[in-house]
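>>> need a 3D model of the following:
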Amino acid sequence: MKRLIATLISIFMGSVIFGIVFSEGINPFYLSSLVFGGIYVAPFVILYGLPCSFLISYIIKKLNKTNALLEAFLYILFSLLVPILIALSSIFDKSMIALVLPSIYISLGCSLIFYLIMKFKTKVKY
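Now for the predicted structure:
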């Protein structure tokens, strides 16, 4: 349940970051950028972020350590793989280079929010 809540909040925060980055602040187009941000960010968080979080949990469990710094580093490392792939794809298509910096903001924002929510020590009651 906690992972589902973290996913939903990460999608929302990623769409907020998307809206701020691509609409150049809050203006009349901000709401549409927020909606499009949710459409673009949600598949990445669900199809890439969730499996990465399961993999990170598995790695931390196998190490038999609860090292918060190592776990945060792994979240940051996995979140930076998408911008690195975008940067590598810009070798073939020069128009992709403009997406590298916004993708860094969005992926780091989503992963750090997800990590902080997963580390939050409260129990969710039904």
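>>> drop to CA atoms for contacts and neighbour counts, all remaining ones
Fine.
>>> in this structure, where is pLDDT below threshold?
24-30, 121-126 (pLDDT under 70).
>>> quick check: closest non-adjacent residue to the residue nearest the centre of it.
Central residue of the chain (Cα atoms, centre = their mean): C110, 2.8 Å from the mean position. The spatially closest residue to C110, leaving aside those adjacent along the chain, is S10, at 4.8 Å (Cα to Cα, 6 or more residues apart in numbering).
>>> need the residues that contact the helix or strand containing the one you found.
S10 belongs to helix 2-23 when assigned by DSSP states H and E. Helix 2-23 has contacts (Cα atoms under 8 Å, 6 or more residues apart in numbering) with 25-26, 29-38, 40-42, 45-46, 50, 102, 105-107, 109-111, 113-114, 117-118, 124.
>>> can you give me the angle the host helix or strand of the residue nearest to the centre of the chain makes with helix 2-23?
Taking DSSP H and E as the criterion, C110 maps to helix 100-119. Inter-element angle recorded for helix 100-119 and helix 2-23: 150 degrees (by axes from the mean of the first three to the mean of the last three Cα atoms, to 10 degrees).
>>> buried residues, helix 100-119. List them.
Residues of helix 100-119 classed as buried: 100, 102-115, 117-118 (neighbour count, 16 or more other Cα atoms under 10 Å).
>>> returning to that earlier point: ok, now how distant is the residue nearest to C110 from K62?
Going from S10 to K62 by Cα to Cα, to the nearest Å gives 26 Å.
>>> in terms of neighbours, single out the busier of these two.
For S10 and K62, the more surrounded residue by other Cα atoms under 10 Å is S10, and the numbers stand at 27 against 9.
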